[in-house]
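Student: Need coordinates for the following:
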Amino acid sequence: MAGSAHGFSVRRYAPERGTFAKLTARDSVVRRLDWPLLLSALALSGIGSLLVWSATRGRDTLNHGDPYYFLFRHLLNTGIGFALMVGTIWLGHRTLRGAVPVLYGLSVVLVLAVLTPLGATVNGAHAWIVLGGGFSLQPSEFTKITIILGMAMLLAARVDAGDQQHPDHRTVLKSLGLALVPIAVIMLMPDLGSVMVIAMIILGVLLASGASNRWVFGLVGAGVLGAVLVAVLGLLDEYQINRFAAFANPDLDPAGVGYNTNQARIAIGSGGLTGTGLFKGSQTTGQFVPEQQTDFVFTVAGEELGFLGAGLILVLLGVVLWRACRIARETTELYGTIVAAGIIAWFAFQAFENIGMTLGIMPVAGLPLPFVSYGGSSMFAVWVAIGLLQSIRVQRPITA
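Tutor: Predicted coordinates:
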């Protein structure tokens, strides 16, 4: 197997020699990076900067009178996220594998801190920690990463060691128990959107691990039963019930619970093929769509960039998922495959949910569009995920 990365130099196994050949920084990283993946993610963040700027430049109550306030902060978040990606590649996904217990423990502490006086409520979800100076942290975003790494570590340990061909039932139970702790805390916030994403991550991880399909079918059944029980027992907050009611009946209270979805569809529908032009959308400049810089940022693309501009975002997201799938398929270790699969499930479902809710085909769940929506925690998390994917690719063993 390939050795771990130290700095920007990595050892790779050359089967024909039976030795490890030390690579230079240029050979091991720059030439081995997945450039279509990296450039697509950068393009999405760049487009997101323009969309966030358009959505906020005229909203004095949000931008404190500075039309560039959100633009600069979005660019700063992207820059920090990019630096985190570089740091993740530098450390390597195998090094992080050994640090999983610490990272997992820290993520659980952070989500628990949300339930203390440090926590703050935003849009009905008590899911944030206010840091001061206008900055806040959403720990559930980083929990997605630690759950992926933790489950991958448990499920792949004996397989990568050659002791098993597939994870046994005890190992699967341990990995599910690892995921259950933060899920339970996040449900208490309540942050239903994050729970939905984590559920998809778990399914993706189990499918990639080679675990028995009975686990997958069992979890899907348990999820359906759990959703029914949550509804019957009245465990959802009123705003969450209203969101599902508006999804089931789009004509229900168009000026109330159905307002967000109706305005979103009007904005997207008014864009036509080429859009009204950046900064020229009547729905956007008129501030008719709430949370347009975060959850509903895709409506800005639909209105001002039109079908072609919105379609470009979908194409770029498709490239990210395609390259991630290729990385998952080409790695020779189960651990790397599982990590990549978890990230694929995360990005795919979150993007589908975010765009789907603006089109009225999915319920509003308060999930950002990866790389595009404004938000530091989300931006940092998705760029760390890109770093993990790049690390898996960089540390692939050569075969010739």
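Student: for the stretch 201-350 of the chain, what spans make up the helices?
Tutor: 213-232, 238-248, 259-269, 282-285, 297-300, 306-330, 334-359 (DSSP state H, counting those that start in this stretch).
Student: Tell me which of these sits nearest to Leu180.
Tutor: helix 213-232 (11.2 Å; CB to CB). In short, each C-beta sits where N, CA and C put it, glycine included.
Student: Just say helix, strand or coil for Asn126.
Tutor: For residue 126 the amino acid is His, not Asn. Under DSSP: H, G, I helix; E, B strand; the rest coil, His126 falls in the strand class.
Student: ok, it - contacts?
Tutor: Taking CB atoms under 8 Å, 6 or more residues apart in numbering as the contact definition, His126 lies against 114-115, 119-120, 189-190.
Student: at 10 Å what do you get?
Tutor: 114-115, 119-120, 188-191, 237 (CB atoms under 10 Å, 6 or more residues apart in numbering).
Student: Now list the buried members of these.
Tutor: By neighbour count, with 16 or more other CB atoms under 10 Å, these hold 114, 119, 189-191 as buried.
Student: among the contacts of His126, which are in strands?
Tutor: 119-120 (DSSP state E).
Student: average model confidence for stretch 50-59?
Tutor: Stretch 50-59 shows a mean pLDDT of 92 in the predicted model.
Student: quick one: buried residues of that stretch?
Tutor: For stretch 50-59, using 16+ other CB under 10 Å, the buried residues are 50-57, 59.
Student: Show me the shaky parts of the stretch 301-400 of the chain.
Tutor: 397-400 (pLDDT under 70).
Student: is it possible to export the buried residues of stretch 50-59 to CSV including secondary structure and distance to Leu203?
Tutor: As requested, the buried residues of stretch 50-59 are arranged in CSV below (DSSP: H, G, I helix; E, B strand; the rest coil; distance: CB to CB, whole Å):
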residue, secondary structure, distance to Leu203
Leu50, helix, 34
Leu51, helix, 30
Val52, helix, 31
Trp53, helix, 36
Ser54, helix, 36
Ala55, helix, 33
Thr56, helix, 35
Arg57, coil, 40
Arg59, coil, 38
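Student: which two in these are spaced the farthest apart?
Tutor: Leu50 and Arg59 (15.8 Å).
Student: what's the spacing between Ser45 and Gly360?
Tutor: Per CB to CB, to the nearest Å, Ser45 is found 27 Å from Gly360.
Student: right, and Arg214 touches His169 too?
Tutor: Yes. Taking contacts as CB atoms under 10 Å, Arg214 lies within contact range of His169: 9.0 Å.
Student: sorry, back to before: reformat the buried residues of stretch 50-59 as TSV; add distance to Phe70.
Tutor: What follows is the buried residues of stretch 50-59, written out as TSV (distance: CB to CB, whole Å):
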residue	distance to Phe70
Leu50	11
Leu51	10
Val52	5
Trp53	7
Ser54	10
Ala55	8
Thr56	4
Arg57	8
Arg59	9
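Student: got the contact list for the residue nearest to Leu317 when sequence neighbours are not counted?
Tutor: Setting aside the residues directly before and after it, Leu317 is nearest to Ala351 in space (CB to CB, 6 or more residues apart in numbering), at 5.2 Å. Neighbouring residues of Ala351 by CB under 10 Å, 6+ apart: 44, 298, 313-314, 317-318, 320-321, 367-372.
Student: Throw the helices of the stretch 201-350 of the chain into a markdown table and include distance to Thr143, thanks.
Tutor: Formatted as a markdown table, the helices of the stretch 201-350 of the chain follow (distance: least, CB to CB, whole Å):
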| stretch | distance to Thr143 |
| --- | --- |
| helix 213-232 | 18 |
| helix 238-248 | 20 |
| helix 259-269 | 26 |
| helix 282-285 | 32 |
| helix 297-300 | 23 |
| helix 306-330 | 20 |
| helix 334-359 | 11 |
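Student: what's the closest of those helices to Val108?
Tutor: Comparing these under CB to CB, the one sitting nearest is helix 334-359, at 17.7 Å.
Student: Could I get the buried residue list for the closest one?
Tutor: Neighbour-count burial for helix 334-359 [16+ other CB under 10 Å]: 334-351, 353-358.
Student: what does stretch 198-217 give?
Tutor: Across stretch 198-217, burial judged by 16+ other CB under 10 Å covers 198-206, 208-211, 215.
Student: And the residues you listed, which two are furthest apart?
Tutor: Between any two of these (CB to CB), the greatest distance is 20.7 Å, for Ile198 and Gly210.
Student: remind me which residues of the stretch 151-300 of the chain are low pLDDT?
Tutor: 227, 230-257.
Student: what do you get if the cut-off is 90, keeping everything else the same?
Tutor: 157-169, 184-193, 210-266, 269-271, 281-293, 295 (pLDDT under 90).
Student: The stretch 1-150 of the chain now?
Tutor: 1-32, 58-66, 92, 94-95, 97-98, 113-137.
Student: so where do the strands sit in it?
Tutor: 5-6, 9-14, 19-22, 119-122, 125-132, 135-137 (DSSP state E, counting those that start in this stretch).
Student: rewinding a little: so if I had to pick from Ser45 and Gly360, which one is more boxed in?
Tutor: Shown here are Ser45 and Gly360; by other CB atoms under 10 Å, Ser45 has more neighbours (22 against 17).
Student: Go ahead and confirm the more buried one touches Asn77.
Tutor: Yes. Using CB under 10 Å, Ser45 makes contact with Asn77 at a distance of 8.7 Å.
Student: Overlap of the contact sets of those two?
Tutor: 379, 383.
Student: I'd like to know how many residues surround Leu33.
Tutor: Around Leu33 there are 15 residues (other CB under 10 Å).
Student: Renumber starting at 233 from here on
Tutor: With the count now opening at 233, the last piece we talked about shows up as Leu265.
Student: Name the nearest residue to it, sequence neighbours excluded.
Tutor: Gln622 (5.7 Å).
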